[in-house]
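Sequence below, structure please.
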Amino acid sequence: MRFAKHAGLAAAVFGLASFGPVSSGLMSVATAQTTATQPIRVVVGVPAGGVLDPYARIASEHMEKTLGRPMIIENKPGANGNLSALTVVDAPADGQLIWIGTQSMTEINPSAYSKLRWSMKDFVPIIRGVSAPLVLVTHPSVPAKTLPELIDYLKKNPGKLGYASFSPGTPSHFLGFQMNEKFGLDLAHIPYKGSGQQTTDLVAGHALMGFSQLGSTIPHIASGQLNAIAVTGPERSRFLPNVPTMAELGHPDFTTMIWFGMFLKAGTPQAIVDTYVKAAKAAHTDPDVKTKLEALGFDVPAQTGPAVAAEIAAQTERWAKLIRSSGFKAD
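Residues are numbered from 1 along each chain as shown. I've put the predicted structure just below:
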């Protein structure tokens, strides 16, 4: 029987609680069979084409082997990830949906949206999988190779340039705002819908500068289609070892690391959470998976446990201050 083949796996992976109570107080065999074989939905809050989508696919491909169940990617872009978050929050806490959360969704959205219908209390972290700095890039038509040269050029050409962000309400947006404020510049904000679109227009010269995803821009930096001015990490990126950090240039307040991770809805039975954490950890520490993720320009911290939620809470306070000073409201 097909159920006999999967019954042990279902119990081990999800625990009886995940299948929901029935009138007899026992697990429904039909429900268990369906749950053990139906796909796990992995909800991604951006369009395909940037670096978040391949991260989700690479990690999921390994995890589905460990879990013994297919995992399908569902792209639900909109409102900087809020629609994807609500997809999970509005569903049962049964482990059938995994949310791919990002730094901007988890740390910035709570302050940027005044009427947010979810909070981080609605989620339990599985893993903070990958991280990377942003890189300040310019189009080659901008006659500046260093940050001091760029600032000087921008001051001499007020109102002529804008900074591209990969979405409003993201670190890419607020670091550009911070640059405007700190150096007394006159840069317009040019928002895009994802890092793929942002990078495409930077390479084409439709936008001339911006804080961008490392994975999207490294090939274009290597080919000379974009110039790398500085990275936002606490130390130089091993992917761009000749590019200085904003901190070493005297601006540690620009230090920022973006990250992607996986979450379940709060209230999911602990047995399910533990199983997913184990599968995610195995995926992110697998040498083949790490190689693929590093090829996207990521480090792979594979952080699990209470430290993930604690770091999110600490960084949320930091971004809240910057958002208040900018006056930005995503609503």
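
Spatially nearest residue to F239, not counting backbone neighbours?
Counting by C-beta to C-beta, 6 or more residues apart in numbering, G297 is the residue found nearest to F239 once chain neighbours are left out, at 5.4 Å. For glycine as for every other residue, the C-beta is placed from the backbone atoms N, C-alpha and C.

hang on, isn't the one you found packed against P219?
No. The pair G297 and P219 does not pass the contact test of C-beta atoms under 8 Å, sitting 9.5 Å apart.

and these two? which has more neighbours close in?
Between G297 and P219, G297 has the larger neighbour count (other C-beta atoms under 10 Å), namely 22 against 13.

Tell me how far the more buried one lies from S195.
From G297 over to S195 the distance is 11 Å, taken as C-beta to C-beta, to the nearest Å.

go on, K292?
Separation of K292 from S195 (C-beta to C-beta) stands at 18 Å.

Then K65?
28 Å.

now what about stretch 290-297, what contacts it?
With C-beta atoms under 8 Å, 6 or more residues apart in numbering as the contact definition, stretch 290-297 has outside contacts at 51, 54-55, 58-59, 129-130, 132, 213-216, 218, 237, 239, 284, 300.

Among those residues, name the ones in strands.
Residues from the contacts of stretch 290-297 lying in strands, with DSSP state E as the criterion: 129-130, 132, 213.

Buried ones among these?
Judged by neighbour count, with 16 or more other C-beta atoms under 10 Å as the criterion, the buried members of these are 129-130, 132, 213.

between these, which is nearest G78?
The shortest approach to G78 among those belongs to Q213, at 19.3 Å (C-beta to C-beta).

could you dump the ones in strands among the contacts of stretch 290-297 to a markdown table with distance to K76 and pLDDT?
Formatted as a markdown table, the entries for those read as follows, by distance: C-beta to C-beta, whole Å; pLDDT from 0 to 100:
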| residue | distance to K76 | pLDDT |
| --- | --- | --- |
| G129 | 19 | 97 |
| V130 | 20 | 97 |
| A132 | 23 | 94 |
| Q213 | 20 | 90 |
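
now these as a markdown table including distance to W259?
A markdown table is the format used below for those (distance: C-beta to C-beta, whole Å):
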| residue | distance to W259 |
| --- | --- |
| G129 | 8 |
| V130 | 6 |
| A132 | 8 |
| Q213 | 12 |
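
Relative to A310, which of the residues you listed is nearest.
Out of the ones in strands among the contacts of stretch 290-297, the one with the shortest distance to A310 is G129. That distance is 16.9 Å, counting by C-beta to C-beta.

what sits against the closest one?
If you count contacts by C-beta under 8 Å, 6+ apart, G129 has them with 55, 59, 259-262, 280, 284, 293, 300-302.

Equivalent analysis for L322, please.
Taking C-beta under 8 Å, 6+ apart as the criterion, L322 is in contact with 174, 177-178.

I'd like those residues laid out as TSV, including pLDDT, distance to A112 and neighbour count.
What follows is the contacts of L322, written out as TSV (pLDDT from 0 to 100; distance: C-beta to C-beta, whole Å; neighbours: other C-beta atoms under 10 Å):
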residue	pLDDT	distance to A112	neighbour count
F174	91	9	24
F177	92	12	19
Q178	92	15	19
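
Give me the most central residue, this protein.
Taking C-alpha atoms, centre = their mean, the centroid of the chain lies closest to T102, which sits 2.8 Å from it.

helix or strand for the spatially closest residue to it that is not a sequence neighbour, which one?
If the residues on either side of it in the chain are set aside, T102 comes closest to F260, at 5.3 Å by C-beta to C-beta, 6+ apart. If you go by DSSP states H and E, F260 is part of strand 257-265.

partners of that strand, with directions?
strand 97-102 (antiparallel), strand 123-138 (antiparallel) (DSSP bridges).

any idea which of those is most buried?
For the strands paired with strand 257-265, ranked by mean neighbour count under the definition mean count of other C-beta atoms under 10 Å, the leader is strand 97-102 at a mean of 26.

what do G297 and S195 both touch?
Overlap between the contact sets of G297 and S195, as judged by C-beta under 8 Å, 6+ apart, is given by 51, 213, 215-216.

for the ones in strands among the contacts of stretch 290-297, which one is nearest N75?
Q213 (17.0 Å).

The closest one: what's it in contact with?
Q213 sits next to 50-51, 132, 134-135, 166, 172, 195, 198-199, 258, 297 when contact means C-beta under 8 Å, 6+ apart.

tell me the secondary structure for the closest residue to K329 other than its chain neighbours?
The shortest distance from K329 to any residue that is not its chain neighbour, by C-beta to C-beta, 6+ apart, is 6.0 Å, and that residue is S114. Following DSSP: H, G, I helix; E, B strand; the rest coil, we place S114 in the coil state.

and S114, how many neighbours?
When neighbours are defined as other C-beta under 10 Å, S114 has 8 of them.

so how far is A320 from it?
12 Å.

Likewise for L116?
Computed as C-beta to C-beta, the L116 to A320 distance reads 13 Å.

okay, and the common contacts of the two?
Residues touching both L116 and A320 (C-beta under 8 Å, 6+ apart) are P110.
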